[in-house]
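**Q** Sequence first, then the predicted structure:
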Amino acid sequence: MPHVAAVLTVSDLGARGEREDTAGPAVAAMLADAGFEVAERALLPDDVDEIEERLVRWAEQDVRLVLTAGGTGLTRRDRTPEATLRAIDYRVPGMEEAMRAASTAIVPTAMLSRAVVGVRGRTLIVNLPGSERAARENLAVVLPVLEHACDQLAGDASDVAALHEDLADDKGEA
């Protein structure tokens, strides 16, 4: 049974209908292609309270993975990381670091990303950039571990060591 996911695009212009959201649909398509059931999609303005409320609501439902797109930069309105920090129980810094490192290798300004990855209850929340290209690139970095992360949060006690060996074998390592 696939894990249930949700995608939240955060954009003042998008919420006002002044810009088309291409990142959210692209992220949803990538998740669906990877076997996730994308049950919810929403578009909100850059408002910390509204973002936090949506993240909390989805986490309290059967959503196991929430991806946000947008609001991770340095402008005064980029508040997605703050909303996420208010919503989560703890961070997953390795995923944050991996996305920033991979993105910085593509474009140096990616080091300005303040994206947060964390867990609320049994839900993994991942902040992605708002541009479609950057959202796709960042999601591609973490996509190989998302199902396993969701399994762990759901309480799957499968053999982690065996999974690591399988992943290493897939990369030609051992």
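**A** It's in. Residues are numbered from 1 along each chain as shown.
**Q** and stretch 70-84, how far out from the chain's middle?
**A** Centroid separation between stretch 70-84 and its chain, computed with CA atoms, centre = their mean, to the nearest Å, is 14 Å.
**Q** likewise stretch 5-14?
**A** With CA atoms, centre = their mean, you get 12 Å for stretch 5-14.
**Q** What of stretch 95-105?
**A** Per CA atoms, centre = their mean, the centroid offset for stretch 95-105 relative to its chain is 13 Å.
**Q** measure the closest residue to residue 153 other than its chain neighbours to residue 105 for me?
**A** Distance criterion CB to CB, 6 or more residues apart in numbering; nearest residue to residue 153, sequence neighbours excluded, is residue 122 at 4.5 Å. Heads up, the C-betas are built off the backbone N, CA and C, glycines and all. Look at residue 122 and residue 105: by CB to CB, to the nearest Å, they are 32 Å apart.
**Q** Of these two, give the one with the bigger neighbour count.
**A** residue 122 (14 against 10; other CB atoms under 10 Å).
**Q** Looks like that one contacts residue 152 (just checking).
**A** No - the criterion here is CB atoms under 8 Å, and residue 122 misses it with residue 152 at 9.4 Å.
**Q** Could you pull out the helices in this structure for me?
**A** According to DSSP state H, the chain carries its helices in the segments 12-15, 23-33, 48-60, 80-87, 93-106, 132-153, 160-170.
**Q** out of these, deepest packed?
**A** Of all the helices of the chain, helix 80-87 carries the top mean neighbour count, a mean of 22, counting by mean count of other CB atoms under 10 Å.
**Q** Could you check the angle that one makes with helix 93-106?
**A** Helix 80-87 and helix 93-106 are oriented at 170 degrees to each other (axes from the mean of the first three to the mean of the last three CA atoms, to 10 degrees).
**Q** which helices and strands sit right next to helix 80-87?
**A** Applying 3 or more CB pairs under 8 Å, 6 or more residues apart in numbering; DSSP states H and E, one finds that helix 80-87 contacts helix 48-60, strand 117-120, strand 123-128.
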